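sequence and computational prediction follow.
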Amino acid sequence: MKQKAILAFSGGLDTSVVVKYLQEKYNMDVVTVTVDVGQEDDYKKISAKAKKLGVKKHYNIDARKEFVSDYIFPAIKANALYQKKYCLATALARPLIARKVLQIAKKEKVTSLAHGCSGKGNDQVRFDLTFHAGSNLPIIAPIRDLNLDRTEELKFAKKHGIEIENVAKKFSVDQNLWGRAIEGGVLENPNNEPPDDAFIWVKTKNLPNKPVYLTIKFEKGIPVAVNGKSMNPIKLIDYVNKKAGSCGVGIIDHIEDRVVGIKSREVYETPAAACLIEAHSDLEKMVHTKHETKFKSLVDDEWSWLVYSGLWEDPLKNDLDMFIEQTQKRVSGTVKLKLFKGSLRVVGRESKYSLYSHKIATYGKGSKFDQKLAKGFVELWGMQSTEANKLQKKK
Ligand code: ARG
């Protein structure tokens, strides 16, 4: 009997080429799965494309709700920014996509799991490790296994009449509800400024002359309303994304350390993530003690690192989730953001769990803080440092 592979299929260059390779070079039947994580593709078109490539069956799965509740919300709670910049949009979606593929793999009784990742990126790690966590089936990754490069892929695609969209010719793009990653082409020179046409979500010209204010309401670490209006999670993220993008907020351009050791120049559009993480971490600082704040930032960094590195299924990630969840009990309140010509600033916050006390902090009259107590405190606080400095001088 013919072997059967299941492939996570986006309809883009890589995965289209992989379908043909699986059929021709591996002599396999192919089942494709497209998982909707908010990439706003034309799913009918993708399905038609898969059929045209001769797949045995194509599935389209709407996983947006799950993506927000089980992946994006935990990332907000963890203020997740890999290397302080990247909101992990792609990294969060991969384990979800892989899990969906595994579900259908069982139903379709396939003999192999396939993906379109190269051997140079992070996605291969995320797919492979999520597959390993849920299945013993062999993994096929033709682009990696056959060491294909983009030029060869484009040539192969042309030969097989595979259509390539215009943006895909200039850049390699991956997008979902949480962010849009743009790579390749002129961006491969880290000294080249990204051209305006790399951006779709964030306005770069003719920005509004008046600031836009967004007041985000959080309940236990989760955003639930904007400017007094409750919204379902998908709509809320979409709304903040559009508002902030229209004010020029949310472009990230940084040098990123990939899991496989390569340094890469990465450009992202992540307006909603920029706003919601900034607001969330600001609110946390108001309700957490300084000890919680200090320790949690270590945990947040570790969480982001694990997720970036494809270790979504590692027990440590689960352990950290439990700690983070515990810290969110008091993260309720509102944060007011001001967006203006590409800048994002927190300009107000309030919470019933606030540890901020005006009576203690004020420099004005009526302060409840007994300044005299500070003298002795400062002495003890710096005792060892003072002693060390004295010794140093003597030498
Ligand atoms: N560097 C980012 C990551 O590893 C984004 C990669 C997106 N591009 C892609 N072709 N998948 O998560």
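Okay, I see it.

state the distance from Ser118 to Phe67.
According to Cβ to Cβ, to the nearest Å, Ser118 stands 24 Å off from Phe67. Glycine gets a C-beta too; all of them are placed from N, C-alpha and C.

so the two - more neighbours on which side?
Phe67 (25 against 18; other Cβ atoms under 10 Å).

how about the nearest residue to Glu313, chain neighbours excluded?
Nearest non-adjacent residue to Glu313, counting by Cβ to Cβ, 6 or more residues apart in numbering: Ala133, 3.9 Å away.

tell me if the one you found really is in a helix.
Yes - when DSSP: H, G, I helix; E, B strand; the rest coil is applied, Ala133 is found to be in a helix.

burial measure for it, as a count.
15.

doesn't Leu311 make contact with it?
No - assessed by Cβ atoms under 8 Å, Ala133 is found out of contact with Leu311, at 9.9 Å.

near the ligand, which residues of the stretch 51-200 of the chain show up?
For the stretch 51-200 of the chain, the contact set with the ligand under Cβ under 6 Å from any ligand atom comprises 90-91, 122-123, 172, 174, 181, 183.

lowest pLDDT pick from the residues you listed?
Ranked by pLDDT, these bottom out at Ser172 (86).

for that one, name its beta-bridge partners.
Residues in a beta bridge with Ser172, per DSSP bridges, are Glu183.

report the separation between it and Ala114.
Taken as Cβ to Cβ, the span from Ser172 to Ala114 is 19 Å.

Ser16 too?
13 Å.

and those two? Which one has more around it.
The residue with more neighbours, out of Ser16 and Ala114, is Ala114; 30 against 26, by other Cβ under 10 Å.

which ones are touching the more buried one?
By Cβ atoms under 8 Å, 6 or more residues apart in numbering, the residues touching Ala114 are 5-8, 18, 22, 30, 139-142.

now swap in Asp301 and tell me
With Cβ under 8 Å, 6+ apart as the criterion, no residue contacts Asp301.

and it, what helix or strand is that in?
Taking DSSP states H and E as the criterion, Asp301 maps to helix 290-308.

test my guess that Asn192 contacts Val186.
Yes - counting by Cβ under 8 Å, Asn192 touches Val186, with 5.0 Å between them.

ranges for the strands of the chain?
Taking DSSP state E as the criterion, the chain carries its strands at 4-8, 29-36, 57-62, 112-114, 139-140, 172-176, 179-183, 212-219, 222-226, 229-230, 251-257, 263-269, 333-340, 343-350.

the fourth one pairs with which strands, and in what direction?
Within its sheet, and counting by DSSP bridges, strand 112-114 is paired with strand 4-8 (parallel), strand 139-140 (parallel).

could you give the average pLDDT over it?
98.

next one, pLDDT for the closest residue to the ligand within the stretch 251-395 of the chain please.
At 4.9 Å from the ligand, Glu266 is the closest residue in the stretch 251-395 of the chain, using Cβ to the nearest ligand atom. Looking at Glu266, its pLDDT stands at 97.

and the nearest residue to it once chain neighbours are set aside, how many neighbours does it have?
Closest residue in space to Glu266, ignoring its immediate chain neighbours: Glu256 at 4.6 Å, by Cβ to Cβ, 6+ apart. By the criterion of other Cβ under 10 Å, Glu256 has 17 neighbours.

I'd guessed Glu256 sits against Ser264; true?
Yes - judged on Cβ under 8 Å, Glu256 makes contact with Ser264 at a distance of 5.4 Å.

can you tell me which of the contacts of Ala114 is nearest the ligand?
The nearest member of these to the ligand, counting by Cβ to the nearest ligand atom, is Ala8 at 11.5 Å.

make a markdown table from the strands paired with strand 112-114 and add mean pLDDT to it.
Listed next are those as a markdown table, based on pLDDT from 0 to 100:
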| stretch | mean pLDDT |
| --- | --- |
| strand 4-8 | 98 |
| strand 139-140 | 98 |
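
for those, which one sits closest to Lys372?
Comparing these by their distance to Lys372 (Cβ to Cβ), the top pick is strand 4-8, with 66.0 Å.

so does the closest one get close to the ligand?
No - using Cβ under 6 Å from any ligand atom, strand 4-8 stays clear of the ligand, coming no nearer than 11.5 Å.

what does the model give Glu163 for pLDDT?
At Glu163, the pLDDT recorded in the model is 82.

and the closest residue to it other than its chain neighbours, how many neighbours?
Spatial nearest neighbour of Glu163, chain neighbours left out: Lys49 (7.4 Å); criterion: Cβ to Cβ, 6+ apart. Neighbours of Lys49 under the rule other Cβ under 10 Å: 22.

tell me who's in contact with Lys49.
Contact analysis of Lys49 by Cβ under 8 Å, 6+ apart lists 11, 16, 163.

sketch out the low-pLDDT regions of this structure for me.
Scanning the chain for pLDDT under 70 picks out the ranges 166-169.

what count of nearby residues applies to Leu236?
Count around Leu236 with other Cβ under 10 Å applied: 22.

roughly how far does it sit from the ligand?
23 Å (Cβ to the nearest ligand atom, to the nearest Å).

ok, that residue to Gly342 distance?
22 Å.

if we can go back for a sec, mind listing what's buried along the helix holding Asp301?
Buried residues in helix 290-308, counted by 16 or more other Cβ atoms under 10 Å: 296, 299-301, 303-304, 306-308.

try stretch 60-73
60-61, 63-64, 66-68, 71-73.

and for stretch 109-123?
In stretch 109-123, counting by 16+ other Cβ under 10 Å, buried: 110-118, 121-123.

now swap in stretch 331-344 and tell me
331-337, 339-340, 344.

now do stretch 129-147
For stretch 129-147, by 16+ other Cβ under 10 Å, it's 129-131, 134-135, 137, 139-144.

in JSON lines, list those residues along with distance to His358.
Output for the buried residues of stretch 129-147, formatted as JSON lines (distance: Cβ to Cβ, whole Å):
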{"residue": "Leu129", "distance to His358": "49"}
{"residue": "Thr130", "distance to His358": "49"}
{"residue": "Phe131", "distance to His358": "54"}
{"residue": "Gly134", "distance to His358": "53"}
{"residue": "Ser135", "distance to His358": "57"}
{"residue": "Leu137", "distance to His358": "61"}
{"residue": "Ile139", "distance to His358": "59"}
{"residue": "Ile140", "distance to His358": "63"}
{"residue": "Ala141", "distance to His358": "59"}
{"residue": "Pro142", "distance to His358": "63"}
{"residue": "Ile143", "distance to His358": "59"}
{"residue": "Arg144", "distance to His358": "59"}
